[in-house]
Every structure is written in structure tokens, then in C-alpha cells.
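Participant: Need coordinates for the below:
(2 chains)
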Amino acid sequence: MAKRVAIVGTGQTFHKSHRPDVNGQELINEAVLRALQDAGLTMKDIDAIVIGNMDHFEGINYVDCWSVDGSGGTMKPIIKLTTGGTTGCTVAIGGYHLVGSGMFDRVLVIGWEKNSESDTTGAITTAFDPIWDRLVFAGAISGLAAEAQGYMARYGATDRDGARVSVRDRKHAMNNPHAQLRKEEVTLEEVLASPMLADPIHLLDVCPRTDGACAVIMASEDVAEKICPKPDWIWATAARHSYAYLGDADYGRLTSMREGSQEM
Amino acid sequence: MDRAAIIGVGMTKIEKNKVRDTFADMAWEAVNKALDDAGMTIDDIDNVITTSSDFWDGRTISCMAVGDASGAAHKNVSCVEGDGTYGAFYGMTRSLSGSYKTTLVTGHSKGSQSVSSLITNCSFDPIYERGLGMDMVTACAMQANAYMNRTKTTAEQMAMVSVKNHGNAMKNPLAQLPMKLAVSDVLKSEMVADPLHKLDCSPVSDGCAAVIIAHESVASKFKQKPVWLKGVSFCADSFFFGDRDISRAKSLAQAAKKAYAMAGIKDPKKEIDVAEVYDAFTYQELMWLEEMGLADDSTAGKLLEKGEFNIDGRLPVNASGGLLSGHPIIAAGLYEMAAVVRQIRGDAGGFQVRKANTGLVHGVNGLGGQSHCVWILGKDK
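Facilitator: This next block holds a predicted model:
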């Protein structure tokens, strides 16, 4: 019988552009300890661990094996899931199925990156096909700029519309003690005046690079209510990766998002 | 708990250099073969799990390289990074969690496009260990020495694993290295890292395999008789070699114990009919058999000498030729699963064993067998 799944504890680091005070394992461990504390559990209670990051960022192979001291995974089932920038959701979805299948009662899900140790753009560039696409698209920003141009051409949006998202998000960040960029808000003019990276994307249109980790504990319906008074039930999950070759992409639309939402 | 079964398998030939095939080409071949085997079309597949490694592929988001060719562009898809046995585990949970009934699981890598030494050196901790310049082969050489020292397993006994498996490969048209060898051939082959000679080591190969897993409610609806996933468990030991006794594999012993329990197996030596075990190196076949309780401690070498693990022996191990005869990293576990599936179906052709009701599949992740995954497959539910 499939089981219903709930989130019963969470923990994360205070995200910063650079955490020279910890190595990757210690970063992971901060999030894990906070999640366990939040759930009132110990590592003994955890049945399995799902972990994810983008390999080429930190340059560590077999991260699931390397990280056991930090994740608490020694002598436990550990599995690594990775799908690039969507890894956060991917590991969460992984935890959901691991618990929902009935194989585990309590699963610890960990996402982390130490981008201060990475050549982020260099790493992302290797996502693209080496023969057809890689020489044309550098990292994430150029591809996103092409998408943005497509969206603007299709719907008449301008870079002012995009800039409004930055203004709003930075305003919200002031309320979130874990957020990295919360020293001050930004104005529309400041966003539009910030250096142009790849038209129409300005510096302040882009997320920063961050060192941070987050851990979430999921539990099956058999035990969730014993762990926390108000478990957060997961109703549905969805994911899509549409065509990988850049020539197959539908610029200005997000087919993957639309199909994913329909699955929901 | 609900049950799941494997209802289709497909794989490419394992080769040294598939110069005409990209990752996507290999996936296209394996997936279509699996669909044909199952009597399904891609529309019968509810979701897709790819297994790949960004490091081995030299591509970040390595799943992007095979997603389209695996029919995943309009389906829910995810990616496991690790041996195919782990990918299959996630695939199984997706068929059991209520969201999907059929799951396609693929696994691939191209050793011909990898510098395995550099790639496996990157498994070592970047701050404390990497500068030592170790890689998978030297790490496993260390382990082989520790294992030989503790169990008194000899170089000749290890060489016999190579003789057996390369010999078995002569009956497997998909294997890369079918060879008729003598023990002396192995011992005379170039010493790569003491005590591992070249013929003690698996090659680093090109290949892609796919399996289709189905929930019990639909498993019997397609072409093949389902092969049931009766038990599975996986477990990771400590990372630093100094933190564990590398002549032992505690995590494998635990994974095997839990897999047997889930499958209701009380006496594995008697109840397992056929096994595909992760023989990246000759000593590993012997060591893993002991840790899984399929041979008593320190006896696997002697039992091998007696012919116990031959294709016509008491417990045929790696009748397909094993990884020594062809080792596409990541895909390896799925090739093993496919081999056992075919044994249980009676469909293994030249390397079919006499009795195959219950089979064992074993996969490894990490350096020197840090993490292990054990599967029990069965003819009966």
C-alpha cells in the first residue's frame, strides 16, 4: 500500500556568498542538525538519506559517499539524485517516493552547494552538447537571456517587468533571516542601472552565488503525527525536463512548466 | 507492501569504444530494446529515471544527454547518480508510491570518453586526500592487499575469478572481453597496482542498459512473465579508509541481511540459485560473496577452486562474464539485473544456468566498496 507523506522537520544554514569557516561536510551538517532539532529526532531515527548537488560545482565525485560524516549517513542507505538547478525539487520528490513506496518511514533529504568553491559558469557550460551547443551558449545566463528575449518578443514584456521581480523579492528577503541578500532593498532604477550581463539580464536580475545547505525530514503517515503536531502533507509532485538541444527549445514559453503543472 | 517486477530489459553490446554512438544513441538503442522486450511502446511508460554520472560523462546535468532519447521529454523524469542498482531502487519506489505504475530506468557511461584515473581521483576528499594521487585502482589494490592478508586468499585464486568470468563471457554475445585464459596468463599480465594485474581488473567500457519496472497491478499485462523484486537494501559505510577495516565490507553485510529478510530468505547459500556480483576486480568477487554470506569467511577462494561458482557449479556467479568482461560504469548494475532477469525467465541463451528461481544482483558505489546495494529477484511472487 502506498503511504501518504509529510514534512515533519526542516533546517537550513544562513546563506552567504562565502562560508570560509566551514568545509562542505560541515555546511551540510549545520542544516542536518537544525532539521533534526526541528523535528525532535536523532540520526538513529532516520531510515535513509537522499542528497543532491551539482557535481561540477564543488568538484567532488560520489558526493553521497563523500558526505557521510556530515550527513549522518554512515551505515545507512544513501542515494544521490541530481538534475542541475532543479536538484532541490528533485531530491524532495525523491524523498517523497522513498517514503510513499513504503520502503522507509523517515527520510532525510539534503540539498547543498558551496558555490564559493566553484566556477559556476564553467560548470554549467558543460551541460550543453559538446558538438552542437556548447560553443554557443556559455553558462546559464546566456541561455536565460535568449529565453527572456523570446518571452519579451512574444508578449511585449520589457526589462522593467523583470526588474519588478527583483524589487519584490529583495523586499521580501528583508523578512527572512536565512536569506543572503538582506542588507537593503533595491529600486527599479537600481536594477536597470546595474551592469548588463547578457541583454536583457542585468546583474541585479540574477541570483547571487551562495554557500548554503538545507535539510528536510519526510515521514510516512504511520509516524508523521507522532513526530510533529502539524505535519505538512505533500499532495502531489511533478517534474519535466523538455528537449535538451537548444535548437529544440521553444523560446518564450516554458513547455516543461506547463506540462508539469498539468501533471499536478 | 505492494510488489513490483521487472517486465522488460534491453542493453547495448558492451564495447571498448562505441565511436559511432553518443550517449543519446546508446540510450535510444537500450530503451527501444527494453520496450520491444516488454511488448510496450514509449506511451506505456509512466515515468523515467535515468542513471548517470556528471563526472563520468564530463557533463553537468548528465541526464540531459539521454533524456530525449529515453522518451522523457514529456514525462516526469529524474536522475540518480550512482550505480544502476541504485537507479533501479528509485525506479521501484516510483512504481510503488501510488503516482506511477510503470517506470523506465536507464543507465549509461562511455569509458572511452573518460580518463578514469582523474575521475575516480575526484572521489577523494579535495582537502585531505586528493593530493595523494590515488584513484579507484590504487585504492582497490590497497583493499585487495588487506583482504588477501586477512583471509589468506592467494593471487592464484584471484586469477581464477578472471579465468572463470572471461570464459563465461564467451557465451555472452554482449560481452566486451570473451577470453579463454589460464591462471598463468593473468599472473603474467602487466602489474597495474600490486597485487592487481591487468587481467585482475575490469576494463572501463561503453554501454547503456535499460529495465522497465512495473507495479504488480499491471506487471502481467505485457509480453513477459514478470520477474519479481522480492528484496532490496542498500547501505554506505564510512568514507575515510582509515575509518573502516577495508578487508571487510560491513555495509554490504548489512545490505545483504536486510535484502534477504525482505525477500524471506533464511539460508542464502541454499536459496540463491544464481548471482551477478560486482566484480570490478577479481578479489572483489570473492570478498563480496563472503560478506553476503554466500561463502563462509575466508573460504570463497577455496570454493572457487572446487568449481562451486562455475556456470555449472552449486552457485553460478557472474555467468554473464561479469564486469571483468565488460564494465560500463553506472550502467553496470542494470546489466547485472538484466542478466539475472534473463536467467530467471530461462532466456539467457548460451550462459543460461540450470536452476534459476531466485537470483541475486549486487551493485557498488564509491571507493573500495563503500556503498553496496543488494537485490533479490524471484520467479514467484
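Participant: Can I take it that B:W375 is in a helix?
Facilitator: No: using DSSP: H, G, I helix; E, B strand; the rest coil, the assignment for B:W375 is strand, not a helix.
Participant: Which pLDDT value does the model give residue 34?
Facilitator: All of this is about chain A. Note on A:R34: pLDDT of 98.
Participant: Correction: the question concerned chain B.
Facilitator: 98.
Participant: B:E29 now?
Facilitator: At B:E29, the pLDDT value in this model is 98.
Participant: Please, which helix or strand holds it?
Facilitator: Assigned by DSSP states H and E, B:E29 belongs to helix B:23-38.
Participant: So the next helix or strand after that helix, near chain A or not?
Facilitator: Going down the chain from helix B:23-38, the next helix or strand is strand B:47-51, by DSSP H and E. No: Strand B:47-51 stays clear of chain A (CB under 8 Å from any CB of the partner chain), getting no nearer than 9.0 Å. (Glycine included, C-beta is placed from N, CA and C.)
Participant: by contact count, what packs against strand B:47-51?
Facilitator: helix B:64-67, strand B:76-80, helix B:84-96, strand B:102-110 (3 or more CB pairs under 8 Å, 6 or more residues apart in numbering or on different chains; DSSP states H and E).
Participant: B:S78 and A:G94 touch, don't they?
Facilitator: Yes: look at B:S78 against A:G94 with CB atoms under 8 Å: they come within range, at 6.8 Å.
Participant: sorry, back to before: would you mark the buried spots in the helix holding B:E29?
Facilitator: With burial defined by 16 or more other CB atoms under 10 Å in any protein chain shown, the residues of helix B:23-38 counted as buried are B:23-24, B:26-31, B:33-35, B:37-38.
Participant: can I assume A:A6 sits in a strand?
Facilitator: Yes: with three-state DSSP as the criterion, A:A6 is part of a strand.
Participant: ok so, going back, anything in contact with each of B:S78 and A:G94?
Facilitator: A:81, B:90 (CB atoms under 8 Å, 6 or more residues apart in numbering or on different chains).
Participant: Including distance to A:G111, mean pLDDT and mean neighbour count, could the helices and strands packed on strand B:47-51 go into CSV?
Facilitator: CSV is the format used below for the helices and strands packed on strand B:47-51 (distance: least, CB to CB, whole Å; pLDDT from 0 to 100; neighbours: other CB atoms under 10 Å in any protein chain shown):
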stretch, distance to A:G111, mean pLDDT, mean neighbour count
helix B:64-67, 19, 94, 27
strand B:76-80, 14, 96, 27
helix B:84-96, 16, 98, 29
strand B:102-110, 23, 98, 30
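Participant: Columns distance to chain A on top of the ones you listed, output as a markdown table?
Facilitator: Listed next are the helices and strands packed on strand B:47-51 as a markdown table, based on distance: least, CB to the nearest CB, whole Å:
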| stretch | distance to chain A |
| --- | --- |
| helix B:64-67 | 4 |
| strand B:76-80 | 5 |
| helix B:84-96 | 4 |
| strand B:102-110 | 10 |
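Participant: can you count the residues close to the closest residue to B:I265 other than its chain neighbours?
Facilitator: Distance criterion CB to CB, 6 or more residues apart in numbering or on different chains; nearest residue to B:I265, sequence neighbours excluded, is B:E271 at 4.9 Å. B:E271 sits with 16 neighbouring residues when counted by other CB atoms under 10 Å in any protein chain shown.
Participant: Let me see the confidence value for B:E271.
Facilitator: So, for B:E271, pLDDT stands at 98.
Participant: of the buried residues of helix B:23-38, closest to chain A?
Facilitator: Checking the buried residues of helix B:23-38 against chain A by CB to the nearest CB gives B:A24 as the nearest, at 8.5 Å.
Participant: Going along the chain, name the helices of the stretch 51-200 of chain A.
Facilitator: A:55-58, A:63-66, A:68-71, A:87-100, A:120-125, A:139-155, A:159-173, A:188-193 (DSSP state H, counting those that start in this stretch).
Participant: Kindly reformat the ones you listed as CSV containing mean pLDDT, distance to A:G40 and mean neighbour count.
Facilitator: What follows is those, written out as CSV (pLDDT from 0 to 100; distance: least, CB to CB, whole Å; neighbours: other CB atoms under 10 Å in any protein chain shown):
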stretch, mean pLDDT, distance to A:G40, mean neighbour count
helix A:55-58, 92, 31, 24
helix A:63-66, 97, 26, 26
helix A:68-71, 97, 19, 24
helix A:87-100, 97, 18, 25
helix A:120-125, 90, 36, 18
helix A:139-155, 91, 39, 17
helix A:159-173, 95, 29, 15
helix A:188-193, 97, 42, 15
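Participant: Distance check, the residue in the stretch 101-250 of chain A that chain B sits nearest to against B:N47.
Facilitator: Nearest to chain B, among the residues of the stretch 101-250 of chain A, is A:S101, at 3.7 Å (CB to the nearest CB). Per CB to CB, to the nearest Å, A:S101 is found 13 Å from B:N47.
Participant: more neighbours, those two?
Facilitator: A side-by-side neighbour count of A:S101 and B:N47, using other CB under 10 Å, places A:S101 first with 25 against 22.
Participant: Return the residues in contact with the more buried one.
Facilitator: Applying CB under 8 Å, 6+ apart, the residues near A:S101 are A:2-3, B:1, B:92-94, B:96-97.
Participant: about what we covered before: thought B:T358 was touching the residue nearest to B:I265, still the case?
Facilitator: Yes: if you go by CB under 8 Å, B:E271 and B:T358 touch, sitting 5.8 Å apart.
Participant: Using the record's domain definitions, break chain B down for me.
Facilitator: Split into domains by automatic domain parsing, chain B comes to B:4-115+B:204-215, B:228-378.
Participant: Relative to A:L36, which of those domains is closest?
Facilitator: Counting by CB to CB, A:L36 lies closest to domain B:228-378 out of the domains of chain B; the figure is 18.5 Å.
Participant: What I need now is the buried residues of helix B:23-38 written out in CSV, including distance to B:K225 for each item.
Facilitator: Output for the buried residues of helix B:23-38, formatted as CSV (distance: CB to CB, whole Å):
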residue, distance to B:K225
B:F23, 32
B:A24, 31
B:M26, 27
B:A27, 26
B:W28, 27
B:E29, 24
B:A30, 21
B:V31, 21
B:K33, 18
B:A34, 16
B:L35, 17
B:D37, 12
B:A38, 11
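Participant: Closest to the mean position in the chain, which residue would that be?
Facilitator: Chain wasn't specified; assuming chain A. Nearest to the mean C-alpha position of chain A, by CA atoms, centre = their mean, lies A:G88 at 3.3 Å.
Participant: try again with chain B
Facilitator: B:G333 (2.7 Å).
Participant: tell me which element it falls in.
Facilitator: helix B:332-345.
Participant: Kindly report the same for B:A210.
Facilitator: Using DSSP H and E, B:A210 sits within strand B:206-215.
Participant: Could you check which helix or strand contains the closest residue to A:V32 other than its chain neighbours?
Facilitator: Spatially, and ignoring its direct neighbours in sequence, A:V32 is nearest to A:A215 (4.8 Å; CB to CB, 6+ apart). If you go by DSSP H and E, A:A215 is part of strand A:211-220.
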